[in-house]
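Chemist: Sharing a model prediction with you, sequence too.
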Amino acid sequence: MQTTPTTALVTGAGKGIGAEVALTLAARGYRVIACARTAADLTALASRHDGIEPHALDVCDPASVARVVRALQARNVTLDVLVNNAGILLDCAPPSALPLELVRATYETNVFAAITVTQMLLPLMYGSAHPRIVNVSSGLGSFANRTDPSYSSAAINALAYQTSKSALNAVTLCFAKELGERGFKINAADPGYTSTALNGFSGPRTTEQAARVIVRLATLDDDGPNGGFFDEEGVVGW
Ligand SMILES: NC(=O)c1ccc[n+]([C@@H]2O[C@H](COP(=O)([O-])OP(=O)(O)OC[C@H]3O[C@@H](n4cnc5c(N)ncnc54)[C@H](OP(=O)(O)O)[C@@H]3O)[C@@H](O)[C@H]2O)c1
């Protein structure tokens, strides 16, 4: 009997943590719709595993999202996993001097695009027996961390990035509350401070380590959590 492959879509999959998540899921037998806006990154990624299917996607452009949706609908693809991974960090000044355009731009990618992508892809997920959504957040968006003087990154005060991830956490809860009864498991992940282009490769963690919590949440059993915030160690305080 031929079985339909479990299908996952990862945004911002061209490099960094997103590429690692895409490759890890592909290695586990998922068909991975790897989405990125940089064609060369997609070509390089697709050459690393047969299970990777590259798609051009700018998460901030609804027409671009619609093209991916149409391409999947045309092949009757049911989406089982969505990883909203694409993110940016633009902060270059303290909160009192940060240009509002940078705050808006950060929210466009880190918050509004995650909402748009989720809303537009949900119709493809309703047919999944085990739908999972992972929003790639950050411990820097946690109020619990930010009010804890002993938190390792307590000195960081990046208004745009940190508040955008706090907002993404709240967005995660909203979708989890609506869709949990339909069998969705929708959670936020903190990959930890990881060496990627986002931070000039300053993080001590590897992308392999960062991908672990995201993959775990993407592959949760039906008795797994819904509406939580997790890192590799377990629950992260909101
Ligand atoms: N690295 C860390 O320490 C850390 C810690 C906590 C959370 N995170 C989160 O982890 C996620 C992945 O970041 P990363 O560390 O792997 O950084 P990265 O290597 O810079 O990757 C970010 C990815 O997002 C993509 N992206 C940005 N804007 C996009 C858009 N409009 N449309 C489509 N793709 C877009 C980038 O594509 P381009 O290459 O085309 O720009 C890139 O592939 C982010 O959400 C980040 O906030 C990272």
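Modeler: Yep, that arrived. Numbers count the residues shown, from 1 in each chain.
Chemist: right, and Thr116 touches Asp61 too?
Modeler: No - with contact defined as CB atoms under 8 Å, Thr116 and Asp61 do not form a contacting pair (9.2 Å). No exception for glycine: its C-beta is placed from N, CA and C like everyone else's.
Chemist: Those two: who's more crowded?
Modeler: Thr116 (18 against 13; other CB atoms under 10 Å).
Chemist: Confirm that one sits in a strand?
Modeler: No - assignment of Thr116 by DSSP: H, G, I helix; E, B strand; the rest coil gives helix, placing it outside any strand.
Chemist: how far away is it from the ligand?
Modeler: Using CB to the nearest ligand atom, to the nearest Å, Thr116 is found at 11 Å from the ligand.
Chemist: who does the helix or strand Val32 falls within pair up with?
Modeler: Using DSSP states H and E, Val32 falls within strand 31-36. Partners of strand 31-36 in the sheet, by DSSP bridges, are strand 7-10 (parallel), strand 52-56 (parallel).
Chemist: winner for burial among those strands?
Modeler: Ranked by mean neighbour count, those are led by strand 7-10 with a mean of 28 (mean count of other CB atoms under 10 Å).
Chemist: hmm, that one touching the ligand?
Modeler: No - remark: strand 7-10 sits outside contact range of the ligand, by CB under 6 Å from any ligand atom, the gap being at least 9.7 Å.
Chemist: Please export the alpha-carbon coordinates of that strand; PDB is fine.
Modeler: Only the C-alpha atoms of strand 7-10 are listed here, as PDB (Å, rounded to 0.1, in the frame of the first residue of the first chain):
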ATOM      1  CA  THR A   7       4.600  16.900   4.900                       C
ATOM      2  CA  ALA A   8       6.300  19.800   6.700                       C
ATOM      3  CA  LEU A   9       6.800  23.400   5.500                       C
ATOM      4  CA  VAL A  10       9.600  25.500   7.000                       C
END
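Chemist: right, and the helix or strand after that strand?
Modeler: Assignment by DSSP H and E places the next element after strand 7-10 at helix 16-27.
Chemist: Quick one: mean pLDDT for the strand holding Val32?
Modeler: Mean pLDDT, strand 31-36: 98.
Chemist: angle of that strand against helix 16-27?
Modeler: Counting by axes from the mean of the first three to the mean of the last three CA atoms, to 10 degrees, strand 31-36 points 160 degrees away from the direction of helix 16-27.
Chemist: re the thing from before, kindly reformat the strands paired with strand 31-36 as a markdown table and extend each row with mean pLDDT.
Modeler: Shown next, in a markdown table, are the strands paired with strand 31-36 (pLDDT from 0 to 100):
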| stretch | mean pLDDT |
| --- | --- |
| strand 7-10 | 98 |
| strand 52-56 | 98 |
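Chemist: give me the low-pLDDT residue ranges for this structure?
Modeler: Residue ranges of the chain with pLDDT under 70: 1-4.
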